[in-house]
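# Predicted model, plus sequence, below.
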Amino acid sequence: MEQYIIRGGIPLAGEVEISGAKNAALGILAAAIMTDDTVLIDNLPDVRDINVLLEAMESIGVHVDRVTRHAVMMNSKDIGDVSVDYEYIKKIRASYYLIGALLGKYKKAEVPLPGGCNIGSRPIDLHIKGFKALGAKVTIRNGFIIATAEHLHGSHIYLDTVSVGATINIMMAASLAEGYTIIENCAREPHVVDVANFLNSMGANIRGAGTDVIRIRGVESLHRTEYSIIPDQIEAGTFMFAAAATKGDVMVKNVIPKHLEATTAKLLEIDCEVEEFDNAVRVVASKRLSSTNVKTLPYPGYPTDMQPQISVTLALARGTSIVTESIFENRFKYMDELTRMGADVRVEGNTAIISGVDTLTGARVSAPDLRAGAALVIAGLAAEGITTIDDIMYIQRGYESFDEKLRSLGAEIEKVNSEKEAMKFRLRTG
């Protein structure tokens with residue numbers, strides 16, 4: 001089983017290049033099957049979730065050509081099956097985007113209920129509500145979501161709660177529906193905007209993405225396009241907090257600073273220095289950090305996917321911080337692992353009370369999910385001694401070359417497959 005082994009205590013310094021946004025790429029890849037023409041997608045992150053989705057799409061007849069590590073050419077004219085195999089889908093939650101894409105194009109879809117990280121309940125009732133409003137019949141049978149329609153028609157849809165997945169899924173299906181669709185109380189995340197921009201580049205007529213009301217005039221068909229995915233704001237934020245926690249100085253390149261405003265605001269609150277450029281941000285932590293309070297909220301609020309990273313950083317800050325998780329109920333599972341490293345944390349329901357300590361110490365811990373796994377890597381980088389992280393397949397779901405990028409910043413981190421390799425690392429790093 002692969003592990004990360006880390007010798008901590010080294011301030012990160014240097015420059016790191018951010019990959020394409022995983023969450024945008026998953027929606028865009030699904031949307032690409034909505035045309036029979038060839039589509040070229042660039043700035044694709046080379047991570048497990050993306051590769052699994054591409055394999056699932058190949059299994060139903062999509063022609064996939066990996067032009068480079070970060071570019072793919074796709075043609076979907078020979079899709080012969082709208083039923084996706086469970087073996088692929090149990091690994092990733094974003095499989096549900098195939099429902100909206102297949103339903104929009106073929107008026108039918110059969111996709112297994114999704115998998116992914118176990119960070120709490122993420123029901124798909126809003127997706128189903130949207131599909132039904134567009135004229136589809138939706139049933140759940142034998143673990144599959146089955147959606148069919150004679151034809152799809154525009155509708156006025158109000159989302160009871162803000163949902164990124166439902167916004168993207170309904171937006172895709174409505175793009176090829178007859179007439180006019182209005183979606184209210186939409187998610188405003190950058191990757192929602194990116195999927196809308198991609199669909200528009202194929203000939204869709206979508207207005208208002210990035211606001212809480214999206215208006216879609218259905219078109220008859222979509223056409224070929226070439227498109228480059230936005231940078232990953234969560235990967236960028238992870239490296240920004242890694243710089244903060246290790247008292248480092250890191251230039252995070254290939255970012256859109258506007259997408260990072262909530263993260264940047266919190267870094268400034270805890271006494272980091274943040275310098276913004278056109279497509280980069282520099283984070284410097286030259287003194288011990290201060291405590292703060294944070295509550296996760298839909299965009300443009302503080303992102304739930306950045307909650308573990310700031311919590312680990314606050315574990316080393318002066319004073320007591322309160323972190324409130326308002327999106328997912330199981331997102332504090334990593335706190336037990338952090339406590340093993342010497343953190344002083346108390347979890348009460350959806351709130352964590354974090355009393356800062358002077359130092360963390362290395363320990364063997366397990367990554368419970370993608371973002372918590374990355375946060376435990378940050379803890380290991382900041383801790384004294386050796387930290388070993390198990391279950392790193394969660395981290396590999398969403399971070400490209402994570403250990404390589406960290407090594408380029410001076411970190412002593414290695415991916416190992418055996419105790420022998422781990423021992424070599426310990427001897428080499430002394």
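Good, I have the coordinates.
# so what's T181 up against?
T181 makes contacts with 134, 154-157, 170, 174, 215-218, as judged by Cβ atoms under 8 Å, 6 or more residues apart in numbering. Quick note: C-beta positions are derived from backbone N, CA and C, even for glycine.
# average pLDDT for the one helix or strand it maps to?
Using DSSP states H and E, T181 sits in strand 180-184. Here strand 180-184 scores 98 as its mean pLDDT.
# And it, what's buried?
Neighbour-count burial for strand 180-184, counted by 16 or more other Cβ atoms under 10 Å, picks out 181-183.
# Closest to P298 out of these?
For the buried residues of strand 180-184, the minimum distance to P298 (Cβ to Cβ) is 14.6 Å, reached by I183.
# and E325, how far is that from A352?
Distance from E325 to A352, counting by Cβ to Cβ, to the nearest Å: 8 Å.
# any shared contact partners between the two?
F332.
# returning to what we had before: strand partners of the strand holding T181, parallel vs antiparallel please.
Note on strand 180-184: by DSSP bridges, its sheet partners are strand 156-158 (parallel), strand 213-217 (antiparallel).
# Now for G248, how many residues are close by?
By other Cβ atoms under 10 Å, the residues close to G248 number 25.
# Which residues are in contact with it?
Contacts of G248 by Cβ under 8 Å, 6+ apart are 11-13, 242, 283-285, 409.
# Spatially nearest residue to V213 (excluding sequence neighbours)?
Excluding its sequence neighbours, the residue lying closest to V213 (Cβ to Cβ, 6 or more residues apart in numbering) is E184, at 5.4 Å.
# looking at the sheet around that neighbour, what are its partners?
Counting by DSSP bridges, E184 forms beta bridges with Y158, V213.
# and it, what does it touch?
156-159, 212-213.
# For these, pick the one with the most neighbours.
Going by other Cβ under 10 Å, I157 tops these with 23 neighbours.
# Can you list the low-confidence ranges for the stretch 101-250 of the chain?
114-123 (pLDDT under 70).
# could you pull out the strands for it?
108-112, 137-141, 144-148, 156-158, 180-184, 205-207, 213-217, 225-228, 249-253 (DSSP state E, counting those that start in this stretch).
# Put together JSON lines for the ones you listed, with distance to E414 on each row.
Shown next, in JSON lines, are those (distance: least, Cβ to Cβ, whole Å):
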{"stretch": "strand 108-112", "distance to E414": "36"}
{"stretch": "strand 137-141", "distance to E414": "44"}
{"stretch": "strand 144-148", "distance to E414": "41"}
{"stretch": "strand 156-158", "distance to E414": "49"}
{"stretch": "strand 180-184", "distance to E414": "46"}
{"stretch": "strand 205-207", "distance to E414": "45"}
{"stretch": "strand 213-217", "distance to E414": "45"}
{"stretch": "strand 225-228", "distance to E414": "32"}
{"stretch": "strand 249-253", "distance to E414": "20"}
